[in-house]
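1. 3D, please:
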Amino acid sequence: MPQPLKIAVICSSNMNRSMEAHNFLSKKGYRVQSFGSGDKVKLPGAAPDRPNVYEFGTPYDDIYQDLLQKDRELYTRNGLLHMLDRNRRIKPHPERFQSTSEQFTLILTCEERVYDQVIENLEGRDSQTTPVHIVNIEIQDNHEEATIGAFLMCELVAMMANSDDLDNDIDEMLQDFEAKCQRPILHCLLFY
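-> This is a model prediction of the structure:
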């Protein structure tokens with residue numbers, strides 16, 4: 001019987017892609033947590049050069065109220081208020097991966113830059129006895145792609161969860177999955 005996976009899903013700000021996948025995976029009964037890997041939580045603002053920037057740990061509800069006060073119409077139209085409403089029903093606030101000491105058996109990232117940040121962080125940690133598979137699926141940071149990415153991650157996790165020997169099966173599994181989803185997949189096994 002395979003061990004149940006303990007999953008982390010990571011994007012840059014723990015707002016869109018990681019939270020959509022967190023939502024999907026938790027509804028399927030998987031043990032999942034979500035994180036961001038950036039320095040700050042950044043959301044689109046009224047102009048491209050003026051993003052809304054928050055510290056990790058700022059409650060989703062506070063961010064929701066802030067954007068509601070700034071421009072209810074804009075943030076309703078661009079979907080940010082809807083996204084934040086979903087997020088605050090899943091967990092209290094965005095979390096930064098580099099600040100957690102939790103250990104996982106599978107880490108899913110949503111873009112190559114995040115994948116690189118996660119690897120760099122894990123390689124810098126002291127203990128190096130726990131194995132973790134890190135898999136990146138390229139997902140653009142918009143609402144539609146986040147939903148598609150969440151479906152893809154659920155499909156991949158289901159395949160992995162049903163493997164009797166994930167360490168042995170994963171390379172072929174990812175190769176088949178990459179061909180099916182037509183997205184580049186990155187993978188490594190680290191000990192941390």
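2. show me the strands in this protein, by range?
-> Secondary structure of the chain (DSSP state E): strands at 6-11, 31-36, 41-47, 50-54, 106-109, 131-137, 185-191.
3. other residues contacting the last one?
-> Identification of contacts with strand 185-191 by Cβ atoms under 8 Å, 6 or more residues apart in numbering yields 112, 115, 119, 122-123, 128-137, 167, 170-171, 174, 177-178. Every residue, glycine included, has its C-beta placed from N, CA and C.
4. among those residues, the buried ones, what's the ChimeraX command?
-> A single ChimeraX command selects the buried members of the contacts of strand 185-191 (16 or more other Cβ atoms under 10 Å):
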select :115,119,122,132,133,134,135,136,137,170,174,177,178
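5. using TSV, lay out the strands of the chain together with mean pLDDT.
-> Below are the strands of the chain laid out as TSV (pLDDT from 0 to 100):
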stretch	mean pLDDT
strand 6-11	98
strand 31-36	98
strand 41-47	94
strand 50-54	96
strand 106-109	98
strand 131-137	96
strand 185-191	94
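6. closest to residue 160 out of those strands?
-> With Cβ to Cβ, the closest approach to residue 160 among these belongs to strand 106-109: 6.6 Å.
7. what is the closest one packed up against?
-> When contacts are defined as 3 or more Cβ pairs under 8 Å, 6 or more residues apart in numbering; DSSP states H and E, strand 106-109 sits against strand 6-11, helix 112-123, strand 131-137, helix 143-161.
8. residue 85: which of the strands of the chain is closest?
-> Of all the strands of the chain, strand 41-47 comes closest under Cβ to Cβ, at 13.7 Å.
9. which strands border that closest one, and is each parallel or antiparallel?
-> strand 50-54 (antiparallel) (DSSP bridges).
10. hmm, who's touching the partner strand?
-> Under Cβ under 8 Å, 6+ apart, the answer for strand 50-54 is 40-45, 63, 66-67, 70, 94.
11. what comes up buried for it?
-> 52, 54.
12. check stretch 151-170 too.
-> 152-154, 156-157, 159-161, 166, 170.
13. okay, domains of the protein per the record?
-> 6-38+96-191, 41-90 (the TED database).
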